[in-house]
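Peer 1: Provided below for reference: sequence and predicted model.
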Amino acid sequence: MRLYSLSVLYKGDPKVHLLKAAYDVSTFNFFQRSSVQEFMTFTSQLIVERSEPGSRASVKEQEYLCHVYVRNDGLAGVVIADNEYPQRVCFTLLDKVLDEFSRQVSKIDWPSGSPATISYAALDGYLSKYQVWPPR
């Protein structure tokens, strides 16, 4: 059971943009890693774009399961995992990350933020902590 990506996005009007993301592409061939990461970023944005505010969904994309949660305030989170990773754990993680992100990053910064300008460093830690389920 693996997590590949954990992203925080903002569903604004007219488009969705990435605020912060963490990836684990270590299981992929070195030459595939950048294209796999691009695929995950693109897929995360597309799923958030197609999701309604206040909704949760799990979408199968190729051999991955993408779990998305879009809050009513436009803040959204996406976890990309393999098919065996428990859905309930993914949504618990998204709840925790989005709550913490909204407390640490001002809502004023969401519409114009980018991974370079948003200072929120916890995603990598969450991705590695939840990598193997159940935790050891």
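Peer 2: Noted; the coordinates are in hand.
Peer 1: any weak-confidence spans in the chain?
Peer 2: 133-136 (pLDDT under 70).
Peer 1: Which parts of it are strands?
Peer 2: Here the chain has its strands, by DSSP state E, at 3-11, 16-23, 55-61, 64-70, 75-82.
Peer 1: Now render these as a markdown table, adding distance to T41 and mean neighbour count.
Peer 2: For the C-beta atoms, the positions are set from N, CA and C on the backbone; glycine is no exception. Listed next are the strands of the chain as a markdown table, based on distance: least, CB to CB, whole Å; neighbours: other CB atoms under 10 Å:
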| stretch | distance to T41 | mean neighbour count |
| --- | --- | --- |
| strand 3-11 | 7 | 25 |
| strand 16-23 | 6 | 20 |
| strand 55-61 | 13 | 13 |
| strand 64-70 | 12 | 23 |
| strand 75-82 | 10 | 25 |
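Peer 1: Just send those strands back as a markdown table, with distance to S35 too.
Peer 2: Conversion of the strands of the chain to a markdown table gives the following (distance: least, CB to CB, whole Å):
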| stretch | distance to S35 |
| --- | --- |
| strand 3-11 | 13 |
| strand 16-23 | 12 |
| strand 55-61 | 15 |
| strand 64-70 | 14 |
| strand 75-82 | 14 |
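Peer 1: Among these, which comes closest to W110?
Peer 2: strand 3-11 (4.5 Å; CB to CB).
Peer 1: Run the angle between the closest one and strand 16-23 for me.
Peer 2: Orientation of strand 3-11 against strand 16-23 (axes from the mean of the first three to the mean of the last three CA atoms, to 10 degrees) gives an angle of 160 degrees.
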